[in-house]
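[1] no FASTA, just this:
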């Protein structure tokens, strides 16, 4: 492919979200696909960061299964970057996502991190075949994917740098931040309307520190200093902290989470960290539950690694079922009961039985209870708190 000069040329005042919106408009003007998406790959999840949609009803924040996507097969080298008639490409014709929604044309390119890791993809699909002549725009689309990856990395590092500067300044002046006396649920309620109207991107981070260290006072100041006074850190008791971030996009969230984790390690504090970008189609409390759920998953994986498991298939089914419940959360289709056949009695689950009741019975929390992820006397770290 021939070299293409820079296309987006963002200035230093533009965030990653600003660059994404410009990119989507430029791409749509050139290639009129029914859906353009800028995505992030997070484990098995394929998250829509920004989209320009005319045919599919996709929204920013939607989550799909990465392994079912055309992009996954493209990354693995099983299909081309551009398929004007995608059903003619065996890998794409067999992809699960094509069986769920009508896709007749596809184009996609990866967005790479600075260490060669996959950040996500820039891609488009259409319910009808598109002209083969559009192949001449492949270098153009690839260049934009590269520029988006560069903008993502820049936002990520800028967020870390800002947090480090706040922390450095606070230490030099011996004025590490202090927590305000805030009620978490009242705080979320106060920001609910702005979150639903997409006035700014919200994110939530939940942190559970090692209870044996007795460093809550130091941790509280550290967290508030790193996230800054425009954001909110709430201590929820039992060494659990919840953070509401305003105007924080995906690279910003990942940058803050990285800085929090590394700063806590420097302080000698072990911590579990869960985070989630808010999707305007759900409630902020549900976003909090998703962040909590990531800590639950991390705790369960840690416990699983500490034991020589005799039932690896059982563990695989457990997490597959848990992941399904996360994806159903948006549609509020989570069943009140979960198939208990995956929870056969076994030593690895002997201390993971559900308590009789918990406050705030959200769909996700009910699901975690049904899955047996809680215990009235020995809770996983993230759950030993009152809300």
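    On my side now, so go ahead. Here the structure is a predicted model, which is why all the values come from computation and not from measurement. Residues are numbered from 1 along each chain as shown.
[2] And what about residue 244, helix, strand or coil?
    strand (DSSP: H, G, I helix; E, B strand; the rest coil).
[3] give the contact list for it.
    187, 188, 191, 202, 203, 204, 231, 232, 234, 284 (Cβ atoms under 8 Å, 6 or more residues apart in numbering). For every residue, glycine as well, the C-beta is placed using N, CA and C.
[4] nearest to residue 38, of these?
    residue 203 (17.2 Å; Cβ to Cβ).
[5] Which residues are in contact with that closest one?
    244, 245, 248, 249, 252, 253, 275, 276, 277, 278, 287.
[6] Take these and lay them out in CSV including pLDDT, secondary structure and distance to residue 142.
    Listed next are these as CSV, based on pLDDT from 0 to 100; DSSP: H, G, I helix; E, B strand; the rest coil; distance: Cβ to Cβ, whole Å:
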residue, pLDDT, secondary structure, distance to residue 142
244, 93, strand, 37
245, 93, strand, 32
248, 87, coil, 29
249, 86, coil, 23
252, 90, helix, 25
253, 91, helix, 27
275, 90, strand, 30
276, 90, strand, 30
277, 89, strand, 26
278, 88, coil, 31
287, 89, helix, 33
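[7] could you dump these to JSON lines with distance to residue 216?
    Putting the contacts of residue 203 into JSON lines (distance: Cβ to Cβ, whole Å) gives the following:
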{"residue": "244", "distance to residue 216": "19"}
{"residue": "245", "distance to residue 216": "21"}
{"residue": "248", "distance to residue 216": "24"}
{"residue": "249", "distance to residue 216": "30"}
{"residue": "252", "distance to residue 216": "26"}
{"residue": "253", "distance to residue 216": "24"}
{"residue": "275", "distance to residue 216": "20"}
{"residue": "276", "distance to residue 216": "23"}
{"residue": "277", "distance to residue 216": "27"}
{"residue": "278", "distance to residue 216": "27"}
{"residue": "287", "distance to residue 216": "24"}
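[8] which of those residues are buried?
    244, 245, 248, 249, 252, 253, 275, 276, 277, 278, 287 (16 or more other Cβ atoms under 10 Å).
[9] how far away is the fifth one from residue 96?
    It refers to residue 252. 32 Å (Cβ to Cβ, to the nearest Å).
[10] Show me this structure divided up by domain.
    Domain assignment for the chain by automatic domain parsing gives 16-157, 176-383.
[11] From the buried ones among the contacts of residue 203, pick the one nearest residue 39.
    Closest to residue 39, out of all of these and judged by Cβ to Cβ, is residue 277, at 12.5 Å.
[12] in the sheet, who's paired with that closest one?
    residue 203 (DSSP bridges).
[13] Please report how far it lies from residue 86.
    In terms of Cβ to Cβ, residue 277 sits 29 Å off from residue 86.
[14] For residue 211, give me its contacts.
    With the criterion set at Cβ under 8 Å, 6+ apart, residue 211 makes contact with 238, 239.
[15] Which strands or helices does the host helix or strand of residue 120 pack on?
    Residue 120 is part of strand 118-126 when elements are defined by DSSP states H and E. Judged by 3 or more Cβ pairs under 8 Å, 6 or more residues apart in numbering; DSSP states H and E, the packing partners of strand 118-126 are helix 16-30, strand 35-42, helix 70-75, strand 105-112, helix 138-172.
[16] do that again at 7 Å, thanks
    Under the contact criterion of 3 or more Cβ pairs under 7 Å, 6 or more residues apart in numbering; DSSP states H and E, strand 118-126 touches strand 35-42, helix 70-75, strand 105-112, helix 138-172.
[17] Tell me how far the first one lies from the chain's centre.
    What separates the centre of strand 35-42 from the centre of its chain is 12 Å, taken as Cα atoms, centre = their mean, to the nearest Å.
[18] strands paired with that strand, and their directions?
    Per DSSP bridges, strand 35-42 is paired in its sheet with strand 45-53 (antiparallel), strand 118-126 (antiparallel).
[19] For residue 21, find the nearest of those.
    Closest among the strands paired with strand 35-42, once you apply Cβ to Cβ, is strand 45-53, at 6.5 Å.
[20] any idea of the mean pLDDT in the closest one?
    Averaging pLDDT along strand 45-53 yields 92.
[21] Phi first, then psi, for the nearest residue to residue 287 once chain neighbours are set aside.
    Spatial nearest neighbour of residue 287, chain neighbours left out: residue 278 (4.5 Å); criterion: Cβ to Cβ, 6 or more residues apart in numbering. Residue 278 has phi and psi values of phi -80, psi 130 when expressed as degrees, to the nearest 10.
[22] again, but for residue 127
    phi -70, psi -10.
[23] Now do the same contact list for it.
    Applying Cβ atoms under 7 Å, 6 or more residues apart in numbering to residue 127 gives the contacts 34, 55, 102, 103, 104.
[24] for residue 228, same thing?
    residue 166.
[25] excluding its backbone neighbours, what's nearest residue 230?
    Per Cβ to Cβ, 6+ apart, closest to residue 230 is residue 246, 5.9 Å.
[26] Is the one you found in contact with residue 200, as I believe?
    Yes. Using Cβ atoms under 7 Å, residue 246 is in contact with residue 200, at 5.7 Å.
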